[in-house]
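>>> With the sequence up front, the predicted model follows.
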Amino acid sequence: MIPSDSPNASHSLRRVCLWFAGVMALAIVACGIYVPTLTYDMIFDDLMSIVRNESIHSLTPLFGTPDGYGPLKPQPETPVTARPLVSLTFALNYYFSQQDPWGYRLTHIIAHLLVTLIVWDVVSSTLGQPVFRGRFLNNRHWLGFVAAMIWMVHPVNTETIVYLTQRTELQMGLFYALTLYLSIHFWRSHRIATRVLLCVGAGLASVCGMLSKEMMASVPAMVFFYEWTFIGGSVWMIFKRSWMLYVALMLSWLPLAGIYLSGIGTPAAGFHTAMSAHDFWLTQSNSFFVYWRLLFVPWPLIVHYHVPTLSSFSAAWPSVLGLSLYLVFTAICVWRRKATGFALLWFFAVLSPTLIVPLPHEEISERRLYVPLMAMIPFLVVGGYTLVQSLMQRRVQSGQAEGLAQSEATRWAVPVFLTPIVAITAAFVWVCIVSLPRLQHRAELWSYVLKYQPDNTFAIASQGIEDCQRGEFKIGLEKIQIAYDSEPTYFFFSATLLQTLDYMQEHERMLVVSRQLYDLFPNDAARTHTLAASLEKNGMVDEAIEKYREAVELSPSTWEAHSALATLLAERNRNEEALPHFEMATELHPDFMNCMNLMTVYLNLQQPQKALSVGKLLLDAARKEKSSEEVEQIELALQQMEREIAALSPR
């Protein structure tokens, strides 16, 4: 008998054709929505992550030089600082397309489609688990497709796809879904070799996710609760069946722990910020339910949300009570191994790092829903289908046989269910298309935010920066001042105002702002340094020297303060006092200017041998920072100095 004529072969061919048709449908819809965005500008933090991020401008060396940065050793104070794998993929894009956003966004569209296919498989596989007792056996593939389609076109995902810096979220989402996908296939496999390979694959996927974004940290727990809910068995049975998998997943925490223990972290996030943890947690209890609103009503979509800070329990108690009831209900459902509990837990667990670790002025971000919706949308789709099927079954004539009633209910449930699903999908696609232009240009980005949130001070300041970049300094400065006056303790506002005043040479106003910040933060090295610089620009040198000394005492490892203090002292011919600070500045940061200053002071103090030794550091710095002609001149000057020293030395 010819294999292709067998019922099994025919059925397999039909499944492959349907799968291919589904993939094509998903690809066509994704391209229809996102291909027009390929030429959109880089916006917001994209300049910091890509254009000004020198660590991605060369693929080699991967870990950078001892005193430089590379793709897997990102430079500090960027959105990819603690996310080296994202830095590496940016470097690959930069290698092929430089600063053209086309290649970066094409990568995002492909990755988003790949995640959608994984979600489709995960949902279909989950509905086939024994816990459902064959209830969805004949419907699991198309239900998985519907869930994946709705997740793919959900409007909150537009920011993750178009805003290039959010590759952190996109990559983490890819590896989060891939880890669960490989884990499911690990449980389905009975061959030891295959299980080992899948276990290693899941561990590696988890590591890659940890190196993409910290929110990946919850994946080992969510894999466990998936097994607890859908595979079943006691904790001991789960351990016996999957101990190898959980060892691999828990080991994936080590790279993330290593990054943070080394002192590298996400800029602006942490318990050291001006916003107290107490206020942040109260505020986030309310923000959590804003995420739920965005799940069902994703409009308006704005890249930055202004959230009023809740500082007292009396103001926050409704949301705190609501979140407490949510967690209690979730815990009960999880204990009873209900799919509802898993979906609710997934939604909270993935968001939990950003709900717990303070991140001022970023209490809510649409992009954070990218992974939480992977479980919540399938849960709602399957739950909706189950509800429709149950209602249709009740409407079937009571006189029919039970099997026939079930069959009739199933036959009618599909079209009744798909009618609103098609409408929802079409509505989501329309919202995506209408809202995407908000991300097209940097200049329009903040105008769109202020259209819906006119009191959003972060957007006001950011629009002020855009005004200044267009040359409208007076208007821009006004907006930045408004933002600063609303919250002078927020570093972004104060730093932006001071930079703008400095550029406009408004040094007297700069001094006023610097004194205000110093009064607010008297023991802060950065604010003390800023005050010293403002005093210097206003000609108050003696006061500037004292403040620079104070800044050095507060932070001895800040080379800028040492260099600025030493420069002022040297200008006043106080070379002996300047020398130790120039030495420290050069030790901490041996760039061309620090080496040149130290060498000059040594020569002024009649210490030619020490000057010559610094000259070698100067030459190394020149090779990195200066042209070949300048390097050649420095080499000749050092050779001449060496000859002069040799001539003066006693024979």
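Okay, I see it. Predicted, not measured: the structure shown is a model, and the values here were computed from it.
>>> For the rest of this, base every contact and every neighbour count on C-alpha atoms.
OK.
>>> Of all residues in the chain, which one is nearest the centre?
The centre of the chain sits closest to T168, judged by CA atoms, centre = their mean, with a distance of 4.4 Å.
>>> pretty sure that one contacts K213?
Yes: at 5.7 Å, T168 counts as touching K213 under the criterion of CA atoms under 8 Å.
>>> show me what contacts the closest residue to L245 other than its chain neighbours?
Nearest residue to L245 in three dimensions, chain neighbours excluded: C199, at 5.2 Å (CA to CA, 6 or more residues apart in numbering). By CA atoms under 8 Å, 6 or more residues apart in numbering, the contact list for C199 reads L182, S183, F186, M244, L245, A248.
>>> Give me the pLDDT for V123.
On the pLDDT scale, V123 is placed at 97.
>>> meant to ask about D67, not that
At D67, the pLDDT recorded in the model is 69.
>>> Can I take it that Y548 is in a helix?
Yes: looking at Y548 with DSSP: H, G, I helix; E, B strand; the rest coil, it is inside a helix.
>>> start the count at 57, not 1, going forward
That works, and once the first residue is 57, the last one we named lands at Y604.
>>> I'd like to know how far it sits from E639.
16 Å (CA to CA, to the nearest Å).
>>> thinking again about what came up before, for the contacts of C255, could you give me JSON lines that also reports pLDDT and distance to Q449?
JSON lines is the format used below for the contacts of C255 (pLDDT from 0 to 100; distance: CA to CA, whole Å):
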{"residue": "L238", "pLDDT": "98", "distance to Q449": "36"}
{"residue": "S239", "pLDDT": "97", "distance to Q449": "35"}
{"residue": "F242", "pLDDT": "97", "distance to Q449": "37"}
{"residue": "M300", "pLDDT": "96", "distance to Q449": "44"}
{"residue": "L301", "pLDDT": "97", "distance to Q449": "41"}
{"residue": "A304", "pLDDT": "97", "distance to Q449": "46"}
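>>> What is the nearest of those residues to G159?
L238 (28.7 Å; CA to CA).
>>> That closest one against L254, yeah?
Yes: L238 lies in contact with L254 (CA under 8 Å); the separation is 5.8 Å.
>>> Contact partners for G200?
V175, W176, D177, V178, V179, S180, P434.
>>> Could I have the buried ones of the residues you listed as PyMOL selection syntax?
Provided next is the PyMOL selection string for whichever of these are buried by 16 or more other CA atoms under 10 Å:
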select buried, resi 175+176+177+178+179+180+434
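>>> Just the ones in helices from the contacts of G200, please.
V175, W176, D177, V178, V179, S180, P434 (DSSP state H).
>>> Name the nearest residue to the fourth one, ignoring sequence neighbours.
If I follow you right, that is V178. V178 sits nearest to Y237 (CA to CA, 6+ apart), 5.8 Å away.
>>> Wait, the one you found touches T172, no?
No: Y237 is beyond contact range of T172, at 11.9 Å (criterion: CA under 8 Å).
>>> neighbour count winner among these two?
Using other CA atoms under 10 Å as the criterion, Y237 and T172 rank with T172 on top: 27 against 21.
>>> Mind checking what helix or strand follows the helix or strand hosting that one in sequence?
Assessed by DSSP states H and E, T172 sits inside helix 157-183. Next in sequence after helix 157-183, counting helices and strands by DSSP H and E, comes helix 196-209.
>>> still on that earlier bit, any idea which element the residue nearest to L301 lies in?
Using DSSP H and E, C255 falls in helix 248-266.
>>> Can I get stretch 667-679 in CSV, CA atoms only?
What follows is stretch 667-679, C-alpha atoms only, in CSV (Å, rounded to 0.1, in the frame of the first residue of the first chain):
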residue,chain,number,x,y,z
ALA,A,667,56.7,63.1,33.1
LEU,A,668,58.3,60.7,30.7
SER,A,669,56.6,57.7,32.3
VAL,A,670,53.2,59.5,32.0
GLY,A,671,54.2,60.3,28.4
LYS,A,672,53.8,56.6,27.6
LEU,A,673,50.2,56.6,28.9
LEU,A,674,49.7,59.8,26.9
LEU,A,675,50.8,58.1,23.7
ASP,A,676,48.4,55.1,24.3
ALA,A,677,45.6,57.6,24.9
ALA,A,678,46.5,59.5,21.7
ARG,A,679,46.4,56.4,19.6
